[in-house]
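1. Would you be able to build a 3D model of this:
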Amino acid sequence: MGISPREVDVVVNSHLHFDHVGWNTVDDTDGGVRTFFPNARYMINLEEWNATMTPENLSQSDHDHLVRSVLPLEASGQLQLVGPDLAITDEVTIGLMPGHTRGHTGLSVASRGEFAVVTGDASHYPAQINYPEWSPVWDSDPELSFRTRRDLFDSMVDRPNHR
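-> I've put the predicted structure just below:
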């Protein structure tokens with residue numbers, strides 16, 4: 001898209017599963033890692049951080065992505081732990097969408113009369129629109145995931161610019 005990594009100033013991690021944090025860091029020439037977006041603030045929900053970045057999780061071999069792709073954000077000074085509802089700009093807001101993980105967040109984008117939601121893993125596939133109670137094994141709290149999806153989808157139907 002013609003944007004260099006240096007131009008990105010905000011990265012929002014919806015949650016801290018391995019498939020959502022991999023671009024936080026890249027290998028450095030000295031064998032370590034560095035942040036991929038050197039001028040960005042990396043925003044992570046405080047509840048997600050506290051629930052995930054525990055000594056127990058950090059010591060598990062199947063959670064090495066936390067050590068490699070999340071922990072370096074703190075050391076770089078680029079980490080910003082945020083609450084559940086934060087306006088990044090007048091158009092972009094972080095909102096809590098719990099259930100997949102405890103502190104899972106998504107983004108609402110509103111501009112020029114249009115509205116979009118970036119759901120992260122609050123919803124995984126189109127069938128969940130009709131069956132929001134369907135939860136994949138990765139949802140840590142299936143009942144809460146169901147309620148989050150149901151409320152999210154209901155709020156989309158009620159929007160005045162819904163098509």
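2. Every contact and neighbour count from this point should use C-alpha atoms.
-> Noted.
3. Could you pull up phi and psi at residue 127?
-> phi -60, psi -20 (degrees, to the nearest 10).
4. contacting residues around the residue most central in space within the chain?
-> Residue closest to the average C-alpha location in the chain (Cα atoms, centre = their mean): residue 14, at 0.6 Å. When contacts are counted by Cα atoms under 8 Å, 6 or more residues apart in numbering, residue 14 touches 20, 44-45, 104-106, 120-121.
5. now do residue 124
-> Applying Cα under 8 Å, 6+ apart, no residues qualify as near residue 124.
6. now swap in residue 10 and tell me
-> 40-43.
7. so the closest residue to the residue nearest to the centre of the chain other than its chain neighbours bridges to which residues?
-> Closest residue to residue 14 apart from its sequence neighbours, by Cα to Cα, 6 or more residues apart in numbering: residue 105 at 4.7 Å. Beta-bridge partners of residue 105, counted by DSSP bridges, are residue 96.
8. from the middle of its chain, how far away would the longest helix seen in the chain be?
-> The residue-count maximum for a helix in the chain (DSSP state H) belongs to helix 142-157. On the basis of Cα atoms, centre = their mean, to the nearest Å, helix 142-157 sits 17 Å off its chain's mean C-alpha point.
9. which stretches of this structure form strands?
-> 10-13, 25-27, 33-35, 41-45, 79-82, 85-87, 92-96, 105-111, 114-118 (DSSP state E).
10. Just list what the second one packs against, helices and strands only.
-> If I follow you right, that is strand 25-27. Strand 25-27 sits against strand 33-35, with contacts defined as 3 or more Cα pairs under 8 Å, 6 or more residues apart in numbering; DSSP states H and E.
11. elements contacting the strand it packs on?
-> With 3+ Cα pairs under 8 Å, 6+ apart as the test, strand 33-35 has strand 25-27, helix 71-76 packed against it.
12. can I get the CA coordinates of the last one in CSV?
-> Translated: helix 71-76. Output in CSV follows, covering the C-alpha atoms of helix 71-76 (Å, rounded to 0.1, in the frame of the first residue of the first chain):
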residue,chain,number,x,y,z
LEU,A,71,7.2,-9.1,26.0
PRO,A,72,9.6,-7.0,23.8
LEU,A,73,6.9,-4.3,23.4
GLU,A,74,7.3,-3.5,27.1
ALA,A,75,11.1,-3.4,26.9
SER,A,76,10.9,-1.1,23.8
